[in-house]
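Below are the sequence and a predicted model for it; my questions follow.
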Amino acid sequence: AEATVSHFFSSDDQQLLVLDRSPFYAESGGQVADTGTIEGQGFQLEVLDCQKNAEGTFLHLVRVVAGEPSEVQPGSTVHCNVDSDRRQHVIRNHTATHLLHAALRQVVGDHVQQKGSLVSPDRLRFDISHYEKIQPEQLAEVEQLVQEWVLRDVELKIYDGIPIEEAKSRGAMALFGEKYGDRVRLVEVPDFSLELCGGIHCQRTGEIGPMVIVHEGSVSSGVRRVEALTGVGGASRTRADEDLIHQLSSLLRVPREDLHDRIGTLVRENRSLKDGKGSAPSRSLLSELDAGHGETRSAGSAEVVIATWQDAPQEQLLQVADALKRRGGDRAFILVSSGNDEIRFIVGTSESLPSGTVHAGQVAKMGAGILGGGGGGRPDMAQAGGKAVDRLPEAIDQMSRSLEDSLAGKDS
């Protein structure tokens, strides 16, 4: 876009440029200003910020990157280049705040009012009136509702020059602390959101892409803050979260659906050790097993090993499981840690056992069902648990019978 220099002010620490017209968005309503470049005969300026004064004049904070400040003269013709990629990130976040606002009012309550916002290229921040912490399940519902409207790819409708009283009568939401004239601009997502807004927006909701809520917290009494990422930022956050879950799952050697219980168990074990109530790290469950702990049942030419320990660390149960898998001979095993209010167990098979003989995951799921819990895993290794401690004998009996029947059947 071409423009003409009206005024240029230069000092040691900053330069301000005024044009007769400007394609740059001046910071307003929580949306940050555009950045970019301005080029003229013999000079190039980097636009760092753009503000609008009380008279409506756009003040461009610039830095001379080529040429000399003295070459920037009133009357000079310049070419303005807005950083379009950065603006696209900003407008995605801005349109997302409108969807977020509507979703919060629908899920949390219609008492919710906007108390401030920041719409930048890398994230959006939205402050609302609310008297307590927004619960995780509410945030999940809000996020899902926003994503549903993104996927609908609805076209936004912009209405310029609407009388303020008409806008209010139509139920338009106003920005907290913003002053409006007699005529206003409305931004509508049909059937979902209607707000007074002078900012730049997507043409369709589908341009927002993924939206991920990453933080909720208190700003002051009666004001909560929600932060979210959209577009590439939202997708990158989702990828990072998935990678973290995969790393934790591999590190702890449990399927992702068992991570919560596994980490909770580790935390409790760590606290017990600190309090002097837990099992010493040097304890060897495998040595105890080899010394006669537990029982071994014959099943045709194979065997079923069953062993239960009181509050055994999961990591040591896994060590025993690994050892039993590698040892020669066909076997299946059930290794149990019994606590006062929780049962954890591992079902597995030796490496030499023919594939398809036993499905450890199905057996573990059966045992977890008896214990009122959950879990599962691979055919050769599975982890599960439950809270019905008094039903442990029944669970072990049913699982061992299933393993014995499968192992005996392989010989027939």
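Here it is on my side, so go on. All of these numbers come straight from a predicted model, not from anything done at the bench.

Quick check: A360 vs L403, distance?
Distance of A360 to L403, given as Cβ to Cβ, to the nearest Å: 9 Å. (Glycine included, C-beta is placed from N, CA and C.)

What is the burial count for S350?
20 (other Cβ atoms under 10 Å).

And R92, by the same measure?
26.

Can you read off the pLDDT for it?
At R92, the model reports a pLDDT of 97.

Would you check how far apart it and Q135 are?
For R92 relative to Q135 (Cβ to Cβ), the value is 27 Å.

What of Q203?
According to Cβ to Cβ, Q203 stands 34 Å off from Q135.

Equivalent analysis for E148, please.
Relative to Q135, E148 is positioned 20 Å away (Cβ to Cβ).

Repeat that for G29.
29 Å.

more neighbours, the two?
Here G29 and Q135 are set side by side on neighbour count (other Cβ under 10 Å), and the busier one is G29, at 16 against 12.

how much space is there between that one and G161?
17 Å.

cool, and R21?
19 Å.

How about H215?
H215 is 37 Å from G161, by Cβ to Cβ.

Who has more neighbours out of these two?
Higher neighbour count among H215 and G161: H215, with 12 against 9, using other Cβ under 10 Å.

pretty sure the more buried one is in a strand, no?
Yes. Per DSSP: H, G, I helix; E, B strand; the rest coil, H215 lies within a strand segment.

And it, what's its pLDDT?
95.

Repeat that for the one 3 residues further on.
S218 carries a pLDDT score of 93 in this model.

show me the contacts for it.
Going by Cβ atoms under 8 Å, 6 or more residues apart in numbering, S218 touches K133, R224, R225.

before we move on, the earlier item: common neighbours of A360 and L403, please.
In contact with both A360 and L403: A332, V347, using Cβ under 8 Å, 6+ apart.

what's the lowest-mean-pLDDT helix or strand in the chain packed up against?
When the helices and strands of the chain are scored by mean pLDDT, DSSP states H and E, helix 259-274 comes last with a mean of 77. Applying 3 or more Cβ pairs under 8 Å, 6 or more residues apart in numbering; DSSP states H and E, we find helix 259-274 packed against helix 231-252, helix 314-326.

Dump that helix to CSV, keeping only the CA atoms.
Only the C-alpha atoms of helix 259-274 are listed here, as CSV (Å, rounded to 0.1, in the frame of the first residue of the first chain):
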residue,chain,number,x,y,z
LEU,A,259,-0.3,-43.0,33.4
HIS,A,260,-2.4,-41.2,35.9
ASP,A,261,-2.7,-44.1,38.3
ARG,A,262,1.0,-45.0,37.8
ILE,A,263,2.3,-41.5,38.6
GLY,A,264,-0.1,-41.3,41.6
THR,A,265,1.3,-44.6,42.9
LEU,A,266,4.9,-43.3,42.5
VAL,A,267,4.0,-40.1,44.4
ARG,A,268,2.5,-42.1,47.2
GLU,A,269,5.5,-44.4,47.3
ASN,A,270,7.9,-41.5,47.4
ARG,A,271,6.0,-39.9,50.3
SER,A,272,6.0,-43.2,52.2
LEU,A,273,9.7,-43.5,51.8
LYS,A,274,10.3,-40.0,53.0
